[in-house]
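1. return a 3D structure for these sequence lines:
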Amino acid sequence: MKRNLRRWGALGAAAVSLAGTMVVTGGATSAHADARCSASSIYINDSPGGDPKTAARGHSHDTGNHYVTDSKWSFQPWGYYWYWYADNDGGSDGDTADTFYGSILCDKPL
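-> As a prediction, this is how the structure comes out:
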């Protein structure tokens, strides 16, 4: 009986720890929800008055574009990190500096 209580106690502690991790990272993860391991050809900086229109690899939404700037090999953990940016192509001057959107570990390079 003591052994079962210890086992359930360890499982309960692990569940609480995992729940705490989900709460802590939940906000950050949700912001990176669309950093994915697939990209297609899109154009960024296509509003007048901003930087020149440029071809990129990423995806488009109703709310804007996200694009990958680079993918780098990682040994720990194994895979390729893809680095996503938000195309902040707006504002009064037609262009606002792009911002880092998130990274994701993928099994292939960009």
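2. all helices of this structure, in order?
-> 2-31 (DSSP state H).
3. show me the shaky parts of it.
-> For the chain, applying pLDDT under 70 flags the ranges 1-34, 90-95.
4. domain assignment for it?
-> As assigned by automatic domain parsing, the chain contains the domains 1-31, 35-110.
5. residues touching the residue nearest to residue 85 when sequence neighbours are not counted, list them.
-> Once flanking residues are discounted, residue 85 sits nearest to residue 98: 4.8 Å by Cβ to Cβ, 6 or more residues apart in numbering. Where you see a C-beta, it was placed from the backbone N, CA and C, and this is true even at glycine. Contact partners of residue 98, counting by Cβ atoms under 8 Å, 6 or more residues apart in numbering, are 44, 85, 86, 87, 88.
6. quickly note the distance from the third one to residue 101.
-> Spelled out, it's residue 86. Residue 86 sits 5 Å away from residue 101, going by Cβ to Cβ, to the nearest Å.
7. got any residues that touch both of these two?
-> Common neighbours of residue 86 and residue 101, using Cβ under 8 Å, 6+ apart, are residue 66.
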